[in-house]
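Peer 1: 3D, please:
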Amino acid sequence: MKASSVVQDMHIGNYGGAPALFVNGKPEFPMFLFEQEISQHDGQVFHDANVKLYSFIEKTSFLDLGWIGPGQQDFSTIDRVMQTFVDRVPEGLALPRIHLWAPSWWLVSHGTEQLGYALQPPNPNALTKDASMASQQWKQEAGTVLRNLVRHLLDGPYANRLLGLTLAGGMYGEWHNWNSEYLPDTSEPMRQEFIAYLRTKYHNDQALLRTAWGDPAVTFNTVTVPTAEERSASDVGLFRDPSVSRRVIDYYEAYQEAPVDAINYFAGIVKDESQGRLLTSVLYGYSPDMSYMPQEVHHRAVAQAHRLTNVDLFTSPHSYYRRAPGDDGVLRTYSDSLALHGKLFIDEADDRTHLAPAGTSFVLAANMNESLGLIRRAFGQAVTHATGMWYMDQSSGQWYNDPAFAAEFKNLKKWGDYSMTMPRQRSSEVAVISSNQSEFYLGGQTDISAAFYEGPSTIRPQGLGELSKAGAPFDRYLIEDLEQGLVPNNYKVYIFMDTFYLTNAQRAAIEALKGGGRTLVWTWAPGYVSDSGLSTANMASLTGLNFTQVSGKRTESFEGGSFPQTDYTAGFNGLYGAVTPDSNKVISGSYSAYGAAPNTTDWAEFLYSDRTKIHLDPNTDYTVSFKAKTVTAPGPGGNFYFMVRSAAGGNTQDVGINSWTDAAGAPYTKSFTFTTKGYSDYQLVWGIHGGGGLSVDGILITKQSQIGLNAAAFPGVTTKYGEVTLDPLFLPSTTGAQVWGTTGNPNEPAIVAKDFPNWRSVYIASPPLPAPVLKKVYNDAGVHVYSDSYDNLEVNKSWISLHAASSGVKTIKLPSSSPVYNIITGQMIGSAIQQFQVNMQRGDTAIFALNNPITSGNITEDFEGGSFAASNYSVGFNGLYGEVTSDAGRIVSGAHSVYGTAAATTDWAEFLYSDRNKVKLQAGGTYKVDFKAKTIAAPGAGGSFYFMARSAIGGNTQDVGINSWTDGVGASYAKSFTFTLNNYNDYCLVWGIHKGGSLSVDDITITKL
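Peer 2: Residues are numbered from 1 along each chain as shown. Model prediction:
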């Protein structure tokens, strides 16, 4: 897109079977460069790579609305960064990221419009402040300022360089509320939003509200936001029973819709003011992954967001859990659900390269090879998912500052453009269904179901990680898509990740899948929650399996009022600990454990687990979480501490040692993970070092890795699974079922498969879904498994991307015979093959096109690599007559061309061959070859330039496509020859000179007709 050209139309539309970005009616591969500001170096690199799309903020701060006071707006920053972009990138379109945060001066004068918290932060003044996303006043006033900004840009000199705007709100612009650990949002605007939501949901009928909440006194006007204790409370294990806890569930529904309503409001302003000309982008719809945080942090109104007509692009960074070389770096979104609704997903490929400056976070690549592996992994995800990506350099010029990166981006953009000529549909036979709002039906202090996807431990199997390496591609949808009949019914396997709450309509949609030989896979508590309450009978009717409900470890709340009523004791000799009812020391409820010691006491252990009541197994992983409250700060150099000690092993065998010095004031949560050693008498210890006072409550012990796989069904698999410990557990009946996995007690089934007429039900009691189990499910269901090596696989109809989790030879099996071309090595693997191998190091990415791009008519050889080795061609006969030249007098186009020359005394001089190993021509095929040429010196008397196709096996008598010409010296010209091969598979193309002369050749395009 040239700076002077007029952009008439930009929109998202279907192309090749998937959403695509159209600019002036033409699809554009959505590869961006994103930097704080586009640097001179990277701007040139990406411009040279033919990248047309750019996004940015501002070098020294985030780019905002320029809202400097009441009725005052300063456009100087946006003007400067736009001018910098135009100066450094002569062609291309910009998607600036505009942050909609309320400015500090506004917050001072609108205190009641700010975010509020159910937990009091220890230092409120240290928190990042912002308007509540439910604030109507913020939306209206910021909306006016946004409208002014849009008009300023469209009326200014950069109007034709604008693709659209990314609208950024909340934490880091990603539409998370700030400071979620303190449980937002208790502001009056959120309360009013909650009331408005309830009036709509209950049809403004107070009687319906009272019935749903079981509260005969509540009115719409007296509705309050739930407290911290109400939010963490549960009714049965971790579950909220909607028949008794509907108020909290309703709050979370309203709370999650607030940012989506704000997004829609601001995006509508951009669309209205630009008359639909500008695209809108938001960072929303992330798959939940922060299981250590409260559920307030995540995006859980994703189905509503996907249906917004004012938003075109959704974006998010890929997984931060597994993005190192060898990891999957899975897309952190529901891209297939987005595609159903005509939205284009853009992956924020912010992988740090080895060139990132010291101190940069998440630098996981140690060298160029590993950096290139990460860059290629992101590209492989984009082409296999028919999405886009922006390569993000947060240093604005350092991460990609090497010629190898410039060459890589140029090559990838070429293949990205090529991908737009191929079928872009997914080819998966596995669908993964998420119930994004099931989390509302769980209590506790952290987001439980987020751990089904990512975590809680990066060194253990994780949900999306296991799916990524199970050998077959999978598509991700939301339960609302299935309910509306939008998810295709031709998948062979449907995996229900977190569907513990289902509506009747959703249950009916699932019922319709039972048949056709399909396999339905369930994790913990499928269908346990309905609007009428909690029921294992509902689980049985959904899955076809009966369940035994087993209560998990209870949370110790000390509400018995004394240590004998608990599983704990008063620490060392009972000197320092007590169960206290003192309201200044109690964390929640009526009692907490409390320990205190003077500053003169070095070590004061005030709370032990009772070894006779709490038995910790040897060589086992545990997580202990608890609430704490600093009542009196430790003395100088002191701290509070936690550890796990064996009496038999003594101090040298202590594990799980952690210390902290959190300030006095509000309660906080701690969570520590540890592995016991080979002793059976470990106990938990809380203590005080150097004085202080500490309260402890809500202790929960979680045993990790408790599911082992059946050795007969999964020979050689010793990994333990089920790291997410849940309450209650639901153990499936084995009647008529195959047992594939058991808990630590081998008599307790944890993974079972049961066959029914024309469908199968598979249940896993605790996530994650083990990759070996998934692979067996796939094989049994007839899903094509491409790889058995547990590497990270992505596939669609036209592409395969493999990111190696280990070093070695990888075997890839195709469902049917196909051409295969390795775009990383530039090698044609085969023209009609069903299996092939590639040797890879951990962290390498191999990307394969499932056709012959060289003969597709869409790839032109321009020799801009500067050598034959960097092309699909070789120097001709014995290397005597041809070269790749940069001589300006001999170039046809670009910076390089092939040049051949021979003396008039030379009868036949073949100076250019296609490389048979790269350009594979199919026996009997008909081809058209187009190229540009330039006569540098005319042939001698009776001579000519010539072209033909020759088989080494067939010899000269089987030459085809023979053509000659004698165009004059001077301007370049084009040639096009069509021919049909004889029955040989080793033809190569030949350019030559007969009886002297000099010829340059460039821009060769081969099309199989």
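
Peer 1: longest helix anywhere in this structure?
Peer 2: helix 246-273 (DSSP state H).

Peer 1: after it, which helix or strand is next?
Peer 2: Counting by DSSP states H and E, the next helix or strand C-terminal to helix 246-273 is strand 279-282.

Peer 1: who's in contact with that following strand?
Peer 2: 10-12, 21, 95, 163-168, 175, 263, 267, 270-271, 305, 310-315, 346 (CB atoms under 8 Å, 6 or more residues apart in numbering). Placement of C-beta: from N, CA and C, glycine included.

Peer 1: and the helix or strand that it is followed by, what's buried?
Peer 2: Under the assignment DSSP H and E, the closest C-terminal helix or strand after strand 279-282 is helix 302-306. Of all the residues in helix 302-306, those buried under the rule 16 or more other CB atoms under 10 Å are V302, A303, Q304, A305, H306.

Peer 1: before we move on, what about stretch 532-539?
Peer 2: Buried, per 16+ other CB under 10 Å, within stretch 532-539: L534, T536, N538, M539.

Peer 1: please apply the same query to stretch 817-829.
Peer 2: So stretch 817-829, judged by 16+ other CB under 10 Å, has buried residues S818, P819, V820, Y821, N822, I823, I824, G826, Q827, M828, I829.

Peer 1: format the residues you listed as TSV; extra columns: distance to E454, pLDDT and secondary structure.
Peer 2: Shown next, in TSV, are these (distance: CB to CB, whole Å; pLDDT from 0 to 100; DSSP: H, G, I helix; E, B strand; the rest coil):
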residue	distance to E454	pLDDT	secondary structure
S818	34	96	strand
P819	37	93	strand
V820	33	95	strand
Y821	34	94	strand
N822	31	95	strand
I823	30	95	coil
I824	28	95	coil
G826	36	86	coil
Q827	36	86	strand
M828	38	88	strand
I829	34	91	strand
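
Peer 1: would you list these in TSV and tack on distance to S76?
Peer 2: Compiled in TSV, those are given as follows (distance: CB to CB, whole Å):
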residue	distance to S76
S818	56
P819	55
V820	54
Y821	50
N822	50
I823	44
I824	45
G826	48
Q827	52
M828	54
I829	55
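
Peer 1: need the residues that contact the worst-scoring helix or strand of the chain on mean pLDDT.
Peer 2: When the helices and strands of the chain are compared on mean pLDDT, DSSP states H and E, strand 668-675 comes out lowest with a mean of 88. Here strand 668-675 makes contact (CB under 8 Å, 6+ apart) with 292, 445-446, 456-457, 619-629, 642, 644, 655-656, 658, 660, 662, 704.

Peer 1: what lines up beside that strand in the sheet?
Peer 2: Strand 668-675 pairs in its sheet with strand 621-632 (antiparallel), by DSSP bridges.

Peer 1: rewinding a little: what mean pLDDT does the longest helix of the chain have?
Peer 2: Helix 246-273 comes out with an average pLDDT of 99.

Peer 1: ok, now stretch 521-536?
Peer 2: Rounded mean pLDDT across stretch 521-536 is 97.

Peer 1: for it, how far is the first residue from the last?
Peer 2: Terminal residues of stretch 521-536 are spaced 17 Å apart (CA to CA, to the nearest Å).

Peer 1: how far away is K797 from A628?
Peer 2: Relative to A628, K797 is positioned 54 Å away (CB to CB, to the nearest Å).

Peer 1: these two: which is more packed in?
Peer 2: A628 (23 against 17; other CB atoms under 10 Å).

Peer 1: can you verify my assumption that the more buried one contacts G693?
Peer 2: No: using CB atoms under 8 Å, A628 is not in contact with G693, being 11.2 Å away.

Peer 1: now the closest residue to E58 other than its chain neighbours: which helix or strand?
Peer 2: Nearest residue to E58 in three dimensions, chain neighbours excluded: V81, at 5.3 Å (CB to CB, 6 or more residues apart in numbering). Here V81, judged by DSSP H and E, is contained in helix 76-88.

Peer 1: and if you look at Y778?
Peer 2: helix 771-781.

Peer 1: elements contacting that helix?
Peer 2: If you count contacts as 3 or more CB pairs under 8 Å, 6 or more residues apart in numbering; DSSP states H and E, helix 771-781 packs onto helix 463-468, strand 493-496, strand 518-522, strand 737-742, strand 749-756, strand 759-764.

Peer 1: can you redo the ones you listed as CSV with mean neighbour count and distance to Y591?
Peer 2: Formatted as CSV, the helices and strands packed on helix 771-781 follow (neighbours: other CB atoms under 10 Å; distance: least, CB to CB, whole Å):
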stretch, mean neighbour count, distance to Y591
helix 463-468, 24, 37
strand 493-496, 24, 40
strand 518-522, 23, 39
strand 737-742, 21, 38
strand 749-756, 21, 36
strand 759-764, 23, 38
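
Peer 1: rebuild the ones you listed as JSON lines, extending it with distance to R842.
Peer 2: Formatted as JSON lines, these follow (distance: least, CB to CB, whole Å):
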{"stretch": "helix 463-468", "distance to R842": "15"}
{"stretch": "strand 493-496", "distance to R842": "27"}
{"stretch": "strand 518-522", "distance to R842": "29"}
{"stretch": "strand 737-742", "distance to R842": "28"}
{"stretch": "strand 749-756", "distance to R842": "29"}
{"stretch": "strand 759-764", "distance to R842": "28"}
